[in-house]
Every structure is written in C-alpha cells, then in structure tokens.
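Peer 1: What shape does this take:
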Amino acid sequence: MNLLECINLCKSYGNKEVLKDINLTIPKGKIIGLLGKNGTGKTTLIKLINDLLTPSSGKILVNGKEIGCESKKIISYLPERTYLDKSMTIDKVIKYFEDFYDNFNSNKAKKLLIDLDLDLSQKISKMSKGMQEKLQLVLVMSREADLYILDEPLGGVDPATRDYILDTILTNFKDGASVIISTHLISDIERILDEVIFIDKGRIMLQSDCDELRNKENSSIDEVFRRMFKC
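Peer 2: Residues are numbered from 1 along each chain as shown. A predicted model of the protein is given here:
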C-alpha cells in the first residue's frame, strides 16, 4: 500500500483552477522533492494533503484512508511561514508539542536544540530568523511521523543554515517514513532526494526516480528542470 495517493485531485478558487487533475503516489521510505517555480501550486497541494483546504474534486488517501483526524496524527507538517508564538520560550514550545502530539519525542528535540547552543529558557522573539527556522524544523522532525511535509524549508536562510536543515532532515526522520520537500531551490536540495515531482501551472509534469532521471538525461535534476521549464 502506498503511503499517500492523490486521485484526480483538482482545486479551484472561483473560476481560477489552481490544481488540475493531480494523480500521484508516494511510497514509504523515500525523500521526495516537490519541485516547481513559485506560484505553481506546490503550497496548495501541500495544504490539501494536510486537510487545510478542501478539494474541488478528487480525493487524497493516506495509508489507504481518506484524510482526516487519523492522517493528521501521522503527518508532520512544516509550513512555509513561521507559526510559533514568539512570546513563548523554547522549553514552553517543547512542552506544548509534547502535550499536543502523542508521537513527539521531547528528549530528541532538546538534544538537537542543545547541540545548537540554544538556551531552552530563551524567548523565541530574541532568536534570529535563522535560529527560529532551525527551531521549527527540529520540532517537526522530532515527531515519530510516517510522513513529513516541509514547505520551502530553505527559503530566506543563508547557505550554512541550508546545510544544517538538510543534514537535520537526513538524520532525523523515522525509519520507513517518507519526506516531501517543496522547494524552488533545486540545486541546494538535490543531493538528498530519492525521487522528484515536477509541478507547473497546477499540473504534475513528471514523477521520477532521481538516479534514473539523471542517467536518462545525462544531467543534474536542476539542469533537467531548467530545460523543461525554460521561459
């Protein structure tokens, strides 16, 4: 059974069709790049999978069941924008996640944050943007989830922080789980991906194993994408 399946999925806002007949499957145990330029439907698709939007038509299955309360228990979601209450301290945020999610590993989160030399009594408002990004990623990756969905985790951070984010993703997701990473920064993330999904103008243009695609095209994933979507 596939971990995630989208079947004839469409989403419109009024007369504007944002996603058009999306059909895709996500197996277990893969790191998958959802790749596309800004405004191509990546975030809309992610919000649909997380049950934050309602499809106009089609359906989404997680472990063979339609999305709802049960799927939210096994999906760990990092949104594009920071949602943490900046008046809270780090240790209070950890306690909040511990109370809210049965599968949250607070010891793992504390270890990762201490490795960053963060004082757990520090207020989030006193942290740099890069540190806030790291905190939010650590919280998401400290859940023992079946599917991690990360929306633009590299946006707006420096190259060193990008490396930390990628290494944290690689070393901290649960065995057998899958990770979907949405980004337009393909060259930065390519090294950790098993599969890619190219999305453009609300349609899935390609889903492929990364090694197979590189061998077939004799190019990097970034180069293949640039050729396919050249303006």
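Peer 1: What confidence value was assigned to the residue positioned nearest the centre of the chain?
Peer 2: In the chain, the centroid-proximal residue (Cα atoms, centre = their mean) is Leu150; its distance is 1.7 Å. On pLDDT, Leu150 comes in at 95.
Peer 1: In this protein, where is pLDDT below threshold?
Peer 2: Along the chain, the model assigns pLDDT under 70 to residues 231.
Peer 1: What segments of it are helices?
Peer 2: Here the chain has its helices, by DSSP state H, at 42-49, 69-74, 90-100, 106-115, 129-141, 159-172, 186-189, 210-217, 221-228.
Peer 1: May I see the ones you listed arranged in TSV, with mean neighbour count and distance to Arg81 as well?
Peer 2: In this view, the C-beta of every residue, glycine as well, is placed from N, C-alpha and C. Conversion of those to TSV gives the following (neighbours: other Cβ atoms under 10 Å; distance: least, Cβ to Cβ, whole Å):
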stretch	mean neighbour count	distance to Arg81
helix 42-49	22	10
helix 69-74	14	19
helix 90-100	16	16
helix 106-115	16	21
helix 129-141	20	10
helix 159-172	16	16
helix 186-189	18	19
helix 210-217	14	28
helix 221-228	17	25
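Peer 1: For these, give me a markdown table that also has distance to Ile31.
Peer 2: Shown next, in a markdown table, are these (distance: least, Cβ to Cβ, whole Å):
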| stretch | distance to Ile31 |
| --- | --- |
| helix 42-49 | 15 |
| helix 69-74 | 17 |
| helix 90-100 | 23 |
| helix 106-115 | 19 |
| helix 129-141 | 12 |
| helix 159-172 | 7 |
| helix 186-189 | 9 |
| helix 210-217 | 9 |
| helix 221-228 | 13 |
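Peer 1: With respect to Asn63, which of the ones you listed lies nearest?
Peer 2: Asn63 lies closest to helix 69-74 among the helices of the chain, at 7.3 Å (Cβ to Cβ).
Peer 1: how about that closest one as CSV, C-alpha atoms only?
Peer 2: What follows is helix 69-74, C-alpha atoms only, in CSV (Å, rounded to 0.1, in the frame of the first residue of the first chain):
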residue,chain,number,x,y,z
CYS,A,69,-8.0,13.2,12.1
GLU,A,70,-6.1,9.9,11.6
SER,A,71,-3.9,11.2,8.8
LYS,A,72,-3.1,14.3,10.9
LYS,A,73,-1.7,12.0,13.6
ILE,A,74,0.9,10.6,11.2
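Peer 1: what packs against it?
Peer 2: Judged by 3 or more Cβ pairs under 8 Å, 6 or more residues apart in numbering; DSSP states H and E, helix 69-74 is in contact with strand 57-62.
Peer 1: Return the set of buried residues in the strand it packs on.
Peer 2: Using 16 or more other Cβ atoms under 10 Å as the test for burial, strand 57-62 gives Gly58, Ile60, Leu61, Val62.
Peer 1: Quick check: of these, which lies closest to Val138?
Peer 2: Val62 (23.9 Å).
Peer 1: Distance check, that closest one against Lys37.
Peer 2: From Val62 over to Lys37 the distance is 27 Å, taken as Cβ to Cβ, to the nearest Å.
Peer 1: cool, and Ile221?
Peer 2: 15 Å.
Peer 1: Among the helices of the chain, which comes closest to Ile32?
Peer 2: Nearest of the helices of the chain (Cβ to Cβ): helix 210-217, 9.3 Å.
Peer 1: Mind listing residues that contact the closest one?
Peer 2: For helix 210-217, contacts defined as Cβ atoms under 8 Å, 6 or more residues apart in numbering pick out Glu190, Leu193, Asp194, Glu195, Val196, Leu206, Ser220, Ile221, Glu223, Val224.
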